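Colleague: With the input below, show me the fold.
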Amino acid sequence: MDLSSILGLVIGFALLIGGFLLEGGHFVSLLEPTAAMIVFGGTAGAVMLSFSMEDVKQIPKLLKIAFTEKKYEVNELITTLCGFAEKARREGLLCLERETAGIDDDFLRQGIQLVVDGTDPALVRDILETQIDFTDERHKVGSEIFEAAGGFSPTMGIIGTVMGLVHVLGNLSDPDKLGPSIAVAFIATLYGVAFANVVYLPLASKLKLKSKQERFIREIALEGILSIQAGDNPSIVREKLRAFLSEKVRQDAGNE
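Modeller: Residues are numbered from 1 along each chain as shown. Now for the predicted structure:
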């Protein structure tokens with residue numbers, strides 16, 4: 001599990017509710033089913049109207065991605081690519097065909113297979129860069145879904161509040177109930193703003209971050225594949241790929 005996602009969600013809501021309770025509020029007063037129906041139902045409807053059904057069906061998968069930590073062992077990838085480079089220089093590119101069966105990463109396996117098949121280097125770069133770009137586009141739709149929810153949610157909250165105030169103003173005969181009724185009306189705005197800023201928009205940011213991490217790893221793999229095809233010395237391949245890394249990551253790799 002992605003600990004930062006879970007902790008962020010828990011801490012965000014815990015401190016918001018905790019601050020409310022410390023001010024003398026009551027937790028039960030935050031629970032308003034009608035406000036929840038308006039805000040969450042309206043947000044869901046607006047999101048479904050904005051995207052295709054195929055995109056909407058991906059939401060459970062997107063949530064799994066956001067709350068699941070996928071570790072990218074960049075130093076391990078560089079070591080693997082350098083190993084391939086050494087074998088290719090010693091035995092030729094065709095020897096790498098035996099290695100493809102043991103590669104778990106589809107992108108890396110496809111790239112090595114293209115090299116083994118004797119594909120022109122420019123075409124290899126074009127194919128793999130196109131795959132990276134279109135993967136980015138698919139990921140972009142996922143983050144846009146939550147960004148859209150983060151935009152619609154506060155507006156739905158305001159709509160819910162206005163609807164509540166219309167009901168309040170239509171029943172002014174009992175002044176004693178005005179205060180509680182107005183408070184209930186504003187719960188919708190609270191739902192809308194809170195979920196936009198604690199759930200939807202942070203989830204969009206997390207999905208963007210994970211997409212950038214995957215792109216980074218694939219760009220390293222791409223350069224390694226092209227270096228192997230060019231017949232570069234393994235030490236040159238290593239230095240070329242280490243140039244992608246921050247100084248701290250390089251030092252940590254050197255200490256292992």
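Colleague: is it true that Glu129 touches Ile225?
Modeller: No - the criterion here is CB atoms under 8 Å, and Glu129 misses it with Ile225 at 11.4 Å. Just so you know, the C-beta spots here come from the backbone N, C-alpha and C atoms, and that holds for glycine as well.
Colleague: Tell me which stretches of the stretch 101-250 of the chain form helices.
Modeller: Under the criterion DSSP state H, counting those that start in this stretch, the stretch 101-250 of the chain carries helices at the ranges 106-116, 121-169, 178-195, 201-230, 234-242, 247-255.
Colleague: Quick check: which of the ones you listed is nearest to Ala14?
Modeller: Closest of the helices of the stretch 101-250 of the chain to Ala14 is helix 178-195, at 12.4 Å (criterion: CB to CB).
Colleague: got a list of contacts for the closest one?
Modeller: With CB atoms under 8 Å, 6 or more residues apart in numbering as the test, helix 178-195 has contacts from 13, 16, 29-30, 32, 35-36, 38-40, 43, 153-161, 163-165, 167-168, 171-172.
Colleague: quick one: average confidence on it?
Modeller: The average pLDDT within helix 178-195 is 82.
Colleague: For that helix, buried residues please.
Modeller: For helix 178-195, a neighbour-count test (16 or more other CB atoms under 10 Å) marks Ser181, Val184, Ala185, Phe186, Ile187, Ala188, Thr189, Leu190, Tyr191, Gly192, Ala194, Phe195 as buried.
Colleague: what's the answer for stretch 156-170, then?
Modeller: For stretch 156-170, by 16+ other CB under 10 Å, it's Met156, Gly157, Ile159, Gly160, Thr161, Gly164, Val168.
Colleague: any chance of those in CSV, plus distance to Leu108?
Modeller: Formatted as CSV, the buried residues of stretch 156-170 follow (distance: CB to CB, whole Å):
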residue, distance to Leu108
Met156, 44
Gly157, 46
Ile159, 49
Gly160, 49
Thr161, 52
Gly164, 56
Val168, 62
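Colleague: Fine by me, we can end here.
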